[in-house]
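>>> Quick check, what structure comes out for this input:
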Amino acid sequence: MARYKMNKTKLDSIYWFKVGKVKKYAYRYKYYDESGKRVEKTNQTFYTIEEAERALIELKAHILDGNQGFVKNENLTVAQLNEKYVQANQTNWKPTSERNHNYVMNNYVLNAIGKHKIKKVNNLIIQKELFDPLIKAEFKEGSLSSIYRRLNAIFSFAVKNEILDRKRFTAPNLNKAIESIRRDAISIEIVEKILEVARTKYKITHYTCLSLLFLTGMRAGELRALEWESDIDFENNVIYINKTKDRYGSRSPKTKNSYRKFPMNENIKKILLDYKVWYDQKMNTCGHRNPKGHVFVTYAGEPLGERYLKRIIDLMCEREDIPHFTPHYLRHTFVSIQLSQNVPVTTVAALVGDTPETIYKVYAHSFEKDEIHASNIMDGIITLNKFDEIENE
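As a prediction, the model looks like this:
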């Protein structure tokens, strides 16, 4: 910082100086820190004597209240606060959580407002410098909300740890943002069409994956992580779900609720046994490509990649006049069916690896009661025919 000639004012510890022809004000205040060391705090950013006096009063109040953390971190930037937040959470985060946080912060938040001092970040700054450009770039409302949650988390951390006295912004205005595609439940008629198209026009891996997602409400990452030896128990009719798989490989689930055992009904067992016949034949020649024995593989014998199912679904929707959906829509559909049949929400939550609160908040879509006819709910909802390899040649 440039050195200027400081001139006394009538107020103690407040000075004026000139930058070119512009008159500005500063405070210089000496005090003893927590270790008894005498230190001086200065600030030269004020354009009026009233601003400088108000800031000095606030500084003195923090020192008298023992809140010297606020004083020490007065010049901390958003980027520096984010570093502290990451360091504090690294030991508790799953690898994916850290990667996701760093991706959002580095690509969106820090590029826009990373150099701002945290004490100066307010509604105007986050709206004009961060969110308005993203809205103009056609980011969807859901993505913008996710970005805000990351920003809000680091500032809440700052307040909780006495780095900042308070947060000076609220949620941004996203009224002009593109509405996110709603992840909704799919009608039974559409599910039947999806599975029949997959059975008659696509590959057995496509058909089995989509069927299993519908019949279990499993997450796509959990499906990709399944291994024959450790997770599929035909003797006891159980699927063990204890990991997920993304582009970086298999890892433990994000929450304890995700660890679960899913009971195989007749449809699940039948389609898995049929699929395994094809799988065993494929592994005779391609087993070296699947050393861990993942259940679901491509026709080249390799475990499914992160975007494999999405590409197939997008292709089906484009070619077969099927409304847009994702693997997560099938999860919503499973939950909706269960709830419509008065299955206790705690049971539904246990089946899909979520909390009852999440089930109520996120997945509680409604189905007409007369659409569903069966005591064995998922087996009675839909008839799954055997995949015929000949039909797909």
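>>> What are the boundaries of the strands in this structure?
According to DSSP state E, the chain carries its strands in the segments 7-8, 14-19, 22-32, 38-46, 232-233, 238-241, 244-246, 249-251, 260-263.
>>> least reliable of those going by mean pLDDT?
With a mean of 84, strand 38-46 has the lowest mean pLDDT of those.
>>> Just the angle for it relative to strand 22-32, thanks.
If you take axes from the mean of the first three to the mean of the last three CA atoms, to 10 degrees, strand 38-46 sits at 160 degrees to strand 22-32.
>>> Direction included, what does strand 38-46 pair up with?
strand 22-32 (antiparallel) (DSSP bridges).
>>> What are the contacting residues of the partner strand?
6, 9, 13-18, 38-49, 51-53, 55-56, 59-60, 63 (CB atoms under 8 Å, 6 or more residues apart in numbering). Glycine gets a C-beta too; all of them are placed from N, C-alpha and C.
>>> Same question for stretch 273-292.
Taking CB under 8 Å, 6+ apart as the rule, stretch 273-292 contacts 204-205, 208, 227-228, 234, 250, 295, 297, 299-303, 386-387, 389.
>>> Give the rounded mean pLDDT of it.
Rounded mean pLDDT across stretch 273-292 is 96.
>>> For it, buried residues please.
274-276, 278-279, 282-283, 286, 290 (16 or more other CB atoms under 10 Å).
>>> Output that stretch as CSV, nothing but the C-alphas.
C-alpha atoms of stretch 273-292 as CSV (Å, rounded to 0.1, in the frame of the first residue of the first chain):
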residue,chain,number,x,y,z
LEU,A,273,-30.4,-64.4,-13.7
ASP,A,274,-31.2,-63.9,-17.4
TYR,A,275,-28.6,-61.1,-17.7
LYS,A,276,-26.0,-63.2,-15.9
VAL,A,277,-26.2,-65.9,-18.7
TRP,A,278,-25.2,-63.2,-21.2
TYR,A,279,-22.7,-61.7,-18.8
ASP,A,280,-20.9,-65.1,-18.2
GLN,A,281,-20.6,-65.7,-21.9
LYS,A,282,-19.2,-62.2,-22.4
MET,A,283,-16.6,-62.6,-19.6
ASN,A,284,-15.3,-65.8,-21.3
THR,A,285,-13.6,-63.5,-23.8
CYS,A,286,-13.6,-60.1,-22.1
GLY,A,287,-13.1,-60.9,-18.4
HIS,A,288,-9.7,-59.2,-18.3
ARG,A,289,-11.6,-55.9,-18.9
ASN,A,290,-13.7,-56.3,-15.7
PRO,A,291,-11.2,-57.5,-13.1
LYS,A,292,-13.4,-56.5,-10.1
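>>> chain center to that stretch, what's the gap?
With CA atoms, centre = their mean, to the nearest Å as the basis, stretch 273-292 stands 33 Å off its chain's centre.
>>> got a list of what residue 168 touches?
With CB under 8 Å, 6+ apart, residue 168 has these contacts: 119, 121-123.
>>> Swap in 6 Å and give it another go.
residue 122 (CB atoms under 6 Å, 6 or more residues apart in numbering).
>>> before we move on, what about the one 3 residues further on?
Contact criterion CB under 6 Å, 6+ apart gives no residues in contact with residue 171.
>>> again with residue 122
168-169.
>>> now it: how far from residue 128?
According to CB to CB, to the nearest Å, residue 122 and residue 128 sit 10 Å apart.
>>> if we can go back for a sec, so among the contacts of stretch 273-292, which ones count as buried?
Buried among these (16+ other CB under 10 Å): 204-205, 208, 227-228, 250, 295, 297, 301, 303, 387.
>>> if you look at those, which of them are in helices?
Here DSSP state H is the test, and these give 204-205, 208, 228 as lying in helices.
>>> Return the helix or strand in this protein with minimum mean pLDDT.
Using mean pLDDT, DSSP states H and E, helix 68-72 stands out as the lowest-scoring helix or strand of the chain, at a mean of 59.
>>> Check which residues of stretch 204-221 are buried.
204-221.
>>> ugh, wrong one, I meant stretch 250-264
In stretch 250-264, counting by 16+ other CB under 10 Å, buried: 250, 253, 258, 260, 262, 264.
>>> quick one: contacts for the fourth one?
Residues in contact with residue 260 (CB under 6 Å, 6+ apart) are 241, 353.
>>> who's it bridged to?
residue 241.
>>> count of neighbours near residue 130?
23 (other CB atoms under 10 Å).
>>> thinking again about what came up before, out of the contacts of strand 22-32, which are buried?
Counted by 16+ other CB under 10 Å, the contacts of strand 22-32 give 9, 13-17, 41, 43-44, 46, 49, 52-53, 55-56, 59-60, 63 as buried.
>>> Extract the residue ranges of the stretch 151-300 of the chain that are flagged as low pLDDT.
For the stretch 151-300 of the chain, applying pLDDT under 70 flags the ranges 180-183.
>>> Going along the chain, name the helices of it.
In the stretch 151-300 of the chain, the helices defined using DSSP state H, counting those that start in this stretch lie at 188-201, 204-216, 220-225, 228-231, 266-286.
>>> buried stuff in the fourth one?
For helix 228-231, burial by neighbour count (16+ other CB under 10 Å) applies to 228, 231.
>>> Contacts for that helix, please.
240, 293, 295.
>>> from what I can see the last one touches residue 224, true?
No: in terms of CB atoms under 6 Å, residue 295 does not count as a neighbour of residue 224; the distance is 8.7 Å.
>>> what about the closest residue in space to residue 329 that isn't next to it in sequence, neighbour count?
Excluding its sequence neighbours, the residue lying closest to residue 329 (CB to CB, 6 or more residues apart in numbering) is residue 186, at 5.3 Å. Neighbour count of residue 186, defined by other CB under 10 Å: 20.
>>> For residue 346, the count of nearby residues, please.
Neighbours of residue 346 (other CB under 10 Å): 11.
>>> Just give the number of residues close to residue 165.
17.
>>> mind checking how far it is from residue 264?
Residue 165 is 56 Å from residue 264, by CB to CB.
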